[in-house]
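**Student:** based on what follows, work out the 3D shape:
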Amino acid sequence: MAQVYGYVRATDNAHKKIAERLSSQRATIETFAKTHKLQFKTIFREDAALVSEWVSRRPVGKTLLGALRPNDIIVTPTVDRLFLNAGDAQNVIDWLFKNHIQLFSVDLGMNIATPIASQVLHAVNAARLELRSLRIRTAKQRQRESRSFS
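**Tutor:** Numbering: from 1, shown residues only. All right, here's what the predicted structure looks like:
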């Protein structure tokens, strides 16, 4: 039988702000679950995860991914609560899709563990790499030009 898991995360250091943000996120995913007749087995709560960590490296994120089985469902308030960046998202979404696990992002209102989402993320990653490459080439060109005027 499929299980439904929630995931909420706050990155603020102020204890009161963490509690408020997590409470708000929890209310968001609970409303979504109720509307879609889903009942959570567990809502995973990452209190102060490092912003720079991939979900698979965060303590609670790692536990969530380890608990998942085929046909399970994850509900998160927004994509950025779960993932660090497009690369993190693409890796996890590919894994979720291959393992027949759905990921609902409440802000998008749909399952994003799909081949189309993976392709979009792949395009975003490719665009970011191209932009980085362009910045490096531009910087090198400026260095060459500044040396030639000296």
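**Student:** from now on I want contacts and neighbour counts done on CA atoms only, so please keep to that.
**Tutor:** OK.
**Student:** so A113 touches D94, yeah?
**Tutor:** Yes: taking CA atoms under 8 Å as the contact criterion, A113 and D94 are neighbours in contact, 7.1 Å apart.
**Student:** show me which of those two is the more surrounded one.
**Tutor:** A113 (26 against 18; other CA atoms under 10 Å).
**Student:** give the contact list for the residue nearest in space to the middle of the chain.
**Tutor:** In the chain, the centroid-proximal residue (CA atoms, centre = their mean) is F83; its distance is 2.1 Å. In this structure, F83 makes contact with W54, V55, A89, judged by CA atoms under 8 Å, 6 or more residues apart in numbering.
**Student:** now T28, what's its secondary structure?
**Tutor:** On the three-state scheme (DSSP: H, G, I helix; E, B strand; the rest coil), T28 is labelled helix.
**Student:** in helices, which of the contacts of F83 fall?
**Tutor:** Judged by DSSP state H, helices contain the following of those: A89.
**Student:** next one: the worst-scoring helix or strand of the chain on mean pLDDT to chain centre, how far?
**Tutor:** Lowest by mean pLDDT, DSSP states H and E among the helices and strands of the chain is helix 115-148, with a mean of 74. Offset of helix 115-148 from its chain centre (CA atoms, centre = their mean, to the nearest Å): 23 Å.
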